[in-house]
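Participant: here is a sequence together with a model predicted from it:
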Amino acid sequence: MESRVAIIGSGNWGSAISKIVGSNTKDSDVFESTVKMWVYEEIIDGKKLTDIINEQHENTKYLPNHKLPDNIVAIPDCVEAAKGADILVFVLPHQFVYRICEELKPVVRRGCHAISLIKGVDFRGKELSLFSEEIERILGIPCAALSGANIAIEVADEQFSEATIACRRIQEEGPIFQALFHAPYFDVRVIGDISGLQVCGALKNVIALGAGFVDGLGLGDNTKAAVLRQGLLEMRLFGKTFFGGVHTETFFESCGVADLITTCSGGRNARVARTFIQTSDSKTMDELERELLNGQKLQGTTTAKEVYQFLQLQKKLDRFPLLVAIYRIVYEVAPPRSIINCLRTRQTFD
Ligand SMILES: NC(=O)C1=CN([C@@H]2O[C@H](COP(=O)(O)OP(=O)(O)OC[C@H]3O[C@@H](n4cnc5c(N)ncnc54)[C@H](O)[C@@H]3O)[C@@H](O)[C@H]2O)C=CC1
Ligand SMILES: O=C(CO)COP(=O)(O)O
């Protein structure tokens with residue numbers, strides 16, 4: 001029997017990936033053609049976003065000027081979208097995942113598989129977990145993860161990108177997820193390191209804030225490269241310290257260094273962080289996110305806070321100087337140039 005796919009989320013990345021998923025399920029022997037996509041309902045110019053997507057086949061708010069395949073069907077109720085699915089694709093800003101999973105719990109059927117495209121960590125209380133773990137825990141189904149150097153608009157424009165999928169049973173699940181996500185312009189490699197892949201996806205968003213600060217300060221590429229180098233080291237240390245089975249090789253996949261580079265150059269986190277430094281009227285990152293992103297969500301700011309609080313609890317702040325410096329610039333009005341101090345190997349006084 002063909003597998004039924006549902007996409008949970010329809011923002012900038014959710015809409016871009018729905019182009020690939022819709023095209024791969026259409027006329028497939030493996031997947032049912034129709035893909036239900038949960039859309040957080042909004043009214044755009046007096047019309048429901050779900051109606052716009054279903055009539056115009058375009059998400060005019062989150063991915064304007066890109067046609068979605070007509071077998072992608074927008075559904076405003078997440079329970080309705082997920083009911084009966086064999087594969088659930090989670091692609092929503094990380095702050096909303098927990099609530100949605102709780103809503104889906106009663107309808108997710110046994111034998112269903114999930115894959116998380118979310119970049120972030122879950123920190124509530126004392127435990128820090130990855131979203132594949134949270135989805136598995138709440139819904140009781142296995143969850144893989146996809147991450148890579150994938151600025152949504154470039155993927156939607158069909159510019160060549162690589163991506164990494166991590167799953168536990170590579171032989172069994174790998175080909176299914178490849179069939180769902182691989183495209184001539186979206187080249188997917190499958191690995192086994194689920195934790196490493198997600199640590200990369202979460203932390204690179206924080207490092208990208210640092211890269212944005214460097215841009216905003218008018219510093220050059222050498223300084224930015226220093227931020228990326230230190231960032232990559234802290235990403236690896238974080239993964240190896242707090243999660244089992246994290247491999248150094250993962251940091252050389254698309255989900256690792258490649259995503260770090262792309263996010264630090266063209267991503268939203270870097271862009272908003274740059275403006276944060278350059279604006280003269282001391283706006284907060286949250287204010288700038290609302291002003292600049294038209295409803296899209298920054299993941300780096302919340303992740304910076306979650307990671308900082310976790311490291312504080314673990315008494316390991318001193319081992320992650322760059323992550324700490326970025327947190328303090330965003331939340332404790334530390335001078336932006338303090339980012340340089342944490343890159344120095346010897347104390348100097350400017
Ligand atoms: N945009 C990109 O280039 C990429 C994003 N990602 C990751 O994918 C995940 C999803 O990101 P995007 O699709 O870009 O989302 P987005 O940044 O476009 O976020 C907006 C989405 O959040 C929804 N939303 C707003 N308020 C909500 C609420 N109260 N409850 C539930 N949903 C609500 C909106 O309807 C919209 O679908 C994130 O973890 C992100 O890091 C990964 C690769 C690329
Ligand atoms: O994850 C991304 C690219 O791979 C997108 O990064 P931003 O959220 O900073 O735009």
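Facilitator: Structure received. Ligands and ions are numbered 1, 2, ... in the order given.

Participant: phi, psi of the nearest residue to G295 once chain neighbours are set aside?
Facilitator: Using CB to CB, 6 or more residues apart in numbering and skipping residues adjacent in sequence, the residue nearest G295 is K61, 6.3 Å away. In short, each C-beta sits where N, CA and C put it, glycine included. Backbone geometry at K61, expressed as degrees, to the nearest 10, gives phi -90, psi -50.

Participant: next, count neighbours for K61.
Facilitator: A count of neighbours around K61, defined by other CB atoms under 10 Å, yields 20.

Participant: that one is in contact with L49, isn't it?
Facilitator: Yes. With contact defined as CB atoms under 8 Å, K61 reaches L49; the gap is 6.2 Å.

Participant: next up, the contacts around the residue nearest to G295.
Facilitator: E42, I44, L49, N294, G295 (CB atoms under 8 Å, 6 or more residues apart in numbering).

Participant: buried sites along whichever strand or helix holds E103?
Facilitator: Assigned by DSSP states H and E, E103 falls within helix 97-104. For helix 97-104, a neighbour-count test (16 or more other CB atoms under 10 Å) marks V97, I100, C101, L104 as buried.

Participant: is it true that the last one touches A85?
Facilitator: No. No contact is recorded between L104 and A85 when judged using CB under 8 Å, the distance being 9.5 Å.

Participant: now a PyMOL select for only the buried ones of the contacts of K61.
Facilitator: Buried residues within those, by 16+ other CB under 10 Å, are selected in PyMOL with:
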select buried, resi 49
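
Participant: adding pLDDT, distance to ligand 2 and secondary structure, write the contacts of K61 out as CSV.
Facilitator: CSV is the format used below for the contacts of K61 (pLDDT from 0 to 100; distance: CB to the nearest ligand atom, whole Å; DSSP: H, G, I helix; E, B strand; the rest coil):
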residue, pLDDT, distance to ligand 2, secondary structure
E42, 98, 20, coil
I44, 97, 22, strand
L49, 98, 21, helix
N294, 97, 13, coil
G295, 97, 13, coil
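
Participant: from the contacts of K61, pick the one nearest G192.
Facilitator: The shortest approach to G192 among those belongs to G295, at 35.7 Å (CB to CB).

Participant: could you measure from that closest one over to R268?
Facilitator: In this view, G295 and R268 are 12 Å apart by CB to CB, to the nearest Å.

Participant: ditto for R344
Facilitator: 29 Å.

Participant: look at the two and report which has more neighbours.
Facilitator: Of the pair R344 and R268, R268 is the one with more neighbours under other CB under 10 Å, namely 22 against 10.
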